[in-house]
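Engineer: Just need the structure, nothing else, for what follows:
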Amino acid sequence: MYRATKVGLGAEAQAKILAKYDPEQAKECLEWVKTILANQNADIAFDTDGDRQNFAAVLDDGYVLVHLINALEPGCIPSGKLKNRPTMQFKKMELIGLFLDKLKAYGIAEHELFATIDLTESQDLNQVVICLHALGRKARQKGHIGLGPQESQGNVRNFTDEQLKAGQNVISLQMGSNKGASQAGMNFGKSRMIID
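Structural biologist: Residues are numbered from 1 along each chain as shown. Okay, the predicted model is just below:
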């Protein structure tokens, strides 16, 4: 938006980031957001087209996002923040930052979050999609309508002391073997001559 055009390696890196964006997944995210908001009677109208420009336009002020997290976790956003759409850039970034803080409290992993600039300046909209999918998985786990595949559960295994001791005596094939290994008879290159 307000940045110079990238050139060289920066342009190549940005092209790779932009190529990861999938309009179908973005559309799926916006439809899920609309469903959650409709279930909570939040009357916010927006187009669910997954086009990059529409996706950014719907979410880049943070207004829809704070309503989304407030619908999943009622009362987590102060009511004053939910009244009007922000128009100033710093207010938009403040709402997005508030949304991201509430996601951490909701249980979303740090690596699935996005940076505020990823959304406000459309730097990496794919990361925003990843974040919304993570939120959808966590929401399903907490009893709401979910998005994407179901989040996996832990598979804890409990071994007896006898089983653990038996495993200590096994030499794995990955460890290899050094039986009979020595450097005897190995010559590489010309031997060093002290006297010519």
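Engineer: Identify the residue spatially nearest to the one residue sitting closest to the centre of the chain, adjacent ones excluded.
Structural biologist: With distances taken as C-alpha atoms, centre = their mean, E112 lies nearest the centre of the chain, 2.0 Å away. Nearest in space to E112, with sequence neighbours left out and distances taken as C-beta to C-beta, 6 or more residues apart in numbering, is A134 at 4.0 Å. Glycine gets a C-beta too; all of them are placed from N, C-alpha and C.
Engineer: which SS state does that neighbour fall under?
Structural biologist: helix (DSSP: H, G, I helix; E, B strand; the rest coil).
Engineer: That one: what's it in contact with?
Structural biologist: With contact set as C-beta atoms under 8 Å, 6 or more residues apart in numbering, A134 has these partners: I108, A109, E112.
Engineer: one step back: for the residue nearest to the centre of the chain, what are its contacts?
Structural biologist: Shown in contact with E112 (C-beta under 8 Å, 6+ apart): I130, C131, A134.
Engineer: wait, which of the residues you listed is closest to E73?
Structural biologist: Taking C-beta to C-beta as the measure, A134 is the one of these closest to E73, at 14.8 Å.
Engineer: Run through the protein and note the low-pLDDT ranges.
Structural biologist: Residue ranges of the chain with pLDDT under 70: 1-2, 171-189, 191-192, 196.
Engineer: Helices of that one, start to end?
Structural biologist: Ranges of helices within the chain are 9-19, 23-39, 52-59, 63-72, 89-106, 116-120, 125-141, 161-168, based on DSSP state H.
Engineer: Can I get those helices in JSON lines including distance to Q150?
Structural biologist: What follows is the helices of the chain, written out as JSON lines (distance: least, C-beta to C-beta, whole Å):
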{"stretch": "helix 9-19", "distance to Q150": "28"}
{"stretch": "helix 23-39", "distance to Q150": "14"}
{"stretch": "helix 52-59", "distance to Q150": "24"}
{"stretch": "helix 63-72", "distance to Q150": "17"}
{"stretch": "helix 89-106", "distance to Q150": "17"}
{"stretch": "helix 116-120", "distance to Q150": "26"}
{"stretch": "helix 125-141", "distance to Q150": "6"}
{"stretch": "helix 161-168", "distance to Q150": "31"}
